[in-house]
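Student: 3D, please:
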Amino acid sequence: MDRLNRRTFLSSSTCSVSMREPDSQTEDVRQFVSFIVAEEEFGVDILTVQEIIRPVEITRVPHAPDFVEGVINLRGRILPIIDLRTRLGFPERDQDEDTRILVVELQDQTVGFVTDSVREVLRVEESTIEPAPDLATNIDTHFLRGVAKLDERLLILLDLDGIFSDEEAEALQGMEEDEADAAAAQGVAA
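Tutor: Reported below is the predicted structural model:
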């Protein structure tokens, strides 16, 4: 999805995401989608976000890791849904009207991440981003890209490519394929 389509989607989305149009695009300014998980504000690079959706019915997958809620069918694509609270080591919480799923592209796989809420799209100067200190949060630091210092707050930047081990990424890919095969078999049997 190109930048224009991404801006159009995010600004017209039913969730509370606002877009601040840049006066001029420079290499030292990055855009991040900010969201809340367990009262902490996180950000991911806008270029990885395909869309933001409201929660839908999730099909549980037997023997999936505890952070995998299951899979959904999003316009014919089977997507694994990851509970970021569980993955990041925060206590569980019931979903509410603010809960959103960030649909993101990780390397060659599309995954949905459940967040407590989505806040906005932020323009962040590279000079305000610092490496994540080892003890800044209770999150394993290989998940982190850094911390951006904003006016009155800190934005924890997640490295989504580092959020899964190689084995976990392969298992998620296998879940997509298994569910797609099962859906195809049900379509043939019907």
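Student: do you know how far residue 147 is from residue 65?
Tutor: Distance of residue 147 to residue 65, given as Cβ to Cβ, to the nearest Å: 27 Å. All C-beta spots, glycine's among them, are computed from the backbone N, C-alpha and C.
Student: again, but for residue 51
Tutor: Note on residue 51: its distance to residue 65, by Cβ to Cβ, is 24 Å.
Student: gap between the two ends of stretch 143-158?
Tutor: Terminal residues of stretch 143-158 are spaced 6 Å apart (Cα to Cα, to the nearest Å).
Student: buried stuff in it?
Tutor: 143-148, 155-158 (16 or more other Cβ atoms under 10 Å).
Student: and what of stretch 43-61?
Tutor: Using 16+ other Cβ under 10 Å as the test for burial, stretch 43-61 gives 43-53, 55, 58, 61.
Student: among those, name the ones in strands.
Tutor: 43-45, 49-53 (DSSP state E).
Student: nearest to residue 125, of those residues?
Tutor: residue 43 (13.3 Å; Cβ to Cβ).
Student: what's the pLDDT at that closest one?
Tutor: Predicted confidence (pLDDT) for residue 43: 96.
Student: is it in contact with residue 34, as I believe?
Tutor: Yes. Using Cβ atoms under 8 Å, residue 43 is in contact with residue 34, at 4.8 Å.
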